[in-house]
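Engineer: Build me a model:
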Amino acid sequence: MTPVGSFAMPGHWMMSRRPLLKAHTFKKPQQWKGKRADWKKTIAIGCMLAATAIGVRGVSAAKPPASRGAALSEAGEKFLARYSETLAALRAEISKAVPAVNERKKAALQEAREAVRKATAEANAAQQALNQIQGAKGLVDHAKGKWIGGADKGIAAAEAALKKAGTDAEREAAKKELAKWQANREDGVKALKERQEAYDKAKRDEPRLTDANRKAQAAMAQAQANELAAAKAILADLQPFLSQDKLDAKLVTCAVLLEATPNGLAEFAQQGKEQEALVEKLLADEALMKQMLVAGGANAGKYGQAMQIYTAIRKASPKAGEGLFQRLALAVSLEHAVPIAQGNPKAQTDAPATVDPVKRYLHYEKACLDGELDPAFKDLAAWEYRNVVNGDEPDQILAWGREMLRNYRPDHVLNPDYGWRYSGAVRTDVKYGSQDVKNDKPSLQNYQNIILNGGVCGRRAFFGRFILRSFGIPTAARPQVGHAALVHWTPKGWVVNLGAGFGCPEAKGILGMTDADFLVETQVRKHPKEHEKSLRAEWIGQALGEQKYTASPKGNSGTWSLLAHFGKKVVVAETKPQQLAALGTELGEANESAETKAAAVVKATVTEADNKVVVAPNGVITIPAAACGDVQPMKSFLGGLQAFCGRAFTCRVDVPSAGKYRLTARVVTVHDESQVQLTNNGKDPVTAVIPYTCGRWEQTKPVEVTLVQGKNVLSFAIPARGFTLKDITLTPVR
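Structural biologist: Predicted coordinates for the structure are as follows:
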């Protein structure tokens, strides 16, 4: 078998498959002669062969190749005929080679699936009836809190305005405002009465609904267990067959041809000799095709384009041929087979329209070698790497994300809790609310603007995914009805940030899968051998023309496709993996929570050396951040400690000589420029400007302070937004 990623010469790839095609060897373009009608006849014969062979097994006849996109040239028609003939032959051979499924057990599985559909519908209805009670309670709480409570605040504000009014116009305006809020409160009280009555009525029925729901959920669980048992009975029969890789060469070639479609490959190959050779190299490399399929296949079936990117990456980097970098190269190739639109700053009108996949690979390779990525990055699988390299951000913004967080909030980088590592920046620094989005700067990229101006759930989730990708952590979108959240990888499994937990009925799925199927997919991939068995069943289902597995209760998945799905579920059920609870559910709509306040930073231990104020021979005084009071010290990637300043703080310093000093501070900010009132020993206030540094270290502009000999206390008022401080420098004014 050809080693993974190595390329057999085009003339040799048929010989590497001695039992594979024999009479169905590819012909080179120059060997084909005749009119276009001959090609159509060849295609028809090939499809008929597959249909006949598959029909023997009682499966629906194979369909002709997918409808064409771009018009094919004469060379393209020849490629189409070659690929179609090969595909038809493969499907026929696979159909003959796979064992028959016991009809009685297959019928039992279908019966069990129908029982699950019925039980699921009844369980959902029972849960919905119970949820209506919570909905009624929510309406009561809304009337009490936001409606009446909001009206009370409005009344208080209007009454205060009325007392302060100095003109008739101001008094009239205040009276109108007061009348408006008083009327609003009356409406709220009326609504509360109606809602409370509805809630009380629903509560009386709660015991019956709770019992009905408990029984319905138990019945659904039993039906699902019966379904899994029926599938296990079939899988037990097929285990010896699915455990062997003897048919893999045919299966993976067939799967690639089906996913790419003969027409799609023909469109790619007709572009030139280079593209033609790439297709032949791909179809000659069984190990590479298998690795591609295990990693999830090429985006939109664009295997020719994926092969082109993979070849370019291998040429650009000698490291891309083995180990983690080969997996990374493969992931980039598969994910970028369909170009990804690049999110550029609005002011950069000449920036590339799409992400360059070769540069994207080289970016992560360099970042990994430089030790800038998460330590777990080197051990990820290609499928996981795909969910790292698929961002729309330019490469320089990925580098900025790492630099910014290392400078500004290293506690998020060093957080031992993978559930909030990196993504914790959302809860501490991406302000909830869209009122400042209008201030986005055209010179900044989208993710820089998000941490600058905040946003609602969508922008917050976008930033969370971006910062995770920056450090090499796999992540994906996890939309819900009316809300956006994210999921990301941890060593213990995938976890939801900023949204409801797995199984939420309002979730819209992850990477095209339901929550349940996504969890099964991520968990079974921890067991590569068992995962391969399920993939073989999946490839067989494809070859036999079955309908793919669908999670929809109304779906009619093919037998082998079902077995592929249940094969994964059996592995997961037997290993009993831990399902992680969602983190920051309440933070989807805000920044503040008990969790945020309790674990805002990973605090560092402060030593005597960290507190030491240094006085240079020339009289310059340097006060380390850790020596200040009421700050949050943390380890610094510059060495030593730095501190996050999110509230008023003080610095105590012994000054050898009285006089005037220029005060500067080394700071990092990600929010707009702000001003801080500075007083020395409780007097002589001056205004210090904390600049917007876009996540990079900068010195503030100097302000002049007068210090006395001996002890001084420098007090800084509460900043408008937090900033990070490394040290304060006091330079004597000569």
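
Engineer: any weak-confidence spans in this structure?
Structural biologist: Residue ranges of the chain with pLDDT under 70: 1-70, 553-555, 586-602.

Engineer: Where is the longest helix in it?
Structural biologist: helix 103-142 (DSSP state H).

Engineer: for it, packing partners?
Structural biologist: helix 168-204, helix 206-242, helix 559-575 (3 or more CB pairs under 8 Å, 6 or more residues apart in numbering; DSSP states H and E). (C-beta placed from N, C-alpha, C; glycine too.)

Engineer: mind putting the ones you listed in TSV, mean neighbour count and distance to Ala516 included?
Structural biologist: As requested, those are arranged in TSV below (neighbours: other CB atoms under 10 Å; distance: least, CB to CB, whole Å):
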stretch	mean neighbour count	distance to Ala516
helix 168-204	14	29
helix 206-242	16	10
helix 559-575	21	9
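
Engineer: Next, the contact list for Ala376, please.
Structural biologist: Neighbour list for Ala376: Gly472, Ile473, Trp489, Pro491 [criterion: CB atoms under 8 Å, 6 or more residues apart in numbering].

Engineer: And those residues, which two are furthest apart?
Structural biologist: Gly472 and Pro491 (13.4 Å; CB to CB).

Engineer: So these two - more neighbours on which side?
Structural biologist: Under the neighbour definition other CB atoms under 10 Å, Gly472 and Pro491 were set side by side, and Gly472 has more, 26 against 7.

Engineer: Phi first, then psi, for the more buried one.
Structural biologist: Reported as degrees, to the nearest 10, the phi and psi values for Gly472 are phi 80, psi 20.

Engineer: How much space separates Gly76 from Ala284?
Structural biologist: As for Gly76, its distance to Ala284 is 20 Å (criterion: CB to CB, to the nearest Å).

Engineer: of these two, who's got more company?
Structural biologist: For Gly76 against Ala284, the residue with the higher neighbour count under other CB under 10 Å is Ala284, and the figures read 24 against 20.

Engineer: so how far is Ala249 from that one?
Structural biologist: When CB to CB is the yardstick, Ala284 and Ala249 sit 11 Å from each other.

Engineer: Overlap of the contact sets of these two?
Structural biologist: Common contacts of Ala284 and Ala249 (CB under 8 Å, 6+ apart): none found.

Engineer: In the longest helix of the chain, which residues are buried?
Structural biologist: Buried residues in helix 103-142, counting neighbours by 16 or more other CB atoms under 10 Å, are found at 105-106, 108-109, 112-113, 115-117, 119-120, 122-123, 126-127, 129-130, 133, 136-137, 139-140, 142.

Engineer: Same check on stretch 490-501?
Structural biologist: Using 16+ other CB under 10 Å as the test for burial, stretch 490-501 gives Thr490, Gly493, Trp494, Val495, Val496, Asn497, Leu498, Gly499, Ala500, Gly501.

Engineer: got the phi/psi numbers for the last one?
Structural biologist: Think Gly501. Here is the backbone geometry of Gly501 (degrees, to the nearest 10): phi -70, psi 170.

Engineer: just checking, it touches Gly584?
Structural biologist: No: with contacts defined as CB atoms under 8 Å, Gly501 does not count as touching Gly584, sitting 11.0 Å away.

Engineer: which residues do those two both contact?
Structural biologist: Residues touching both Gly501 and Gly584 (CB under 8 Å, 6+ apart): there are none.

Engineer: dump the residue contacts of the residue most central in space within the chain.
Structural biologist: Among the residues of the chain, Ala476 comes closest to the average C-alpha position under CA atoms, centre = their mean, at 1.9 Å. Counting by CB under 8 Å, 6+ apart, Ala476 makes contact with Asn387, Arg465, Leu486, Val487, His488, Ile510, Leu511.

Engineer: Please confirm that it is located within a strand.
Structural biologist: Yes: when classified by DSSP: H, G, I helix; E, B strand; the rest coil, Ala476 is found to be part of a strand.
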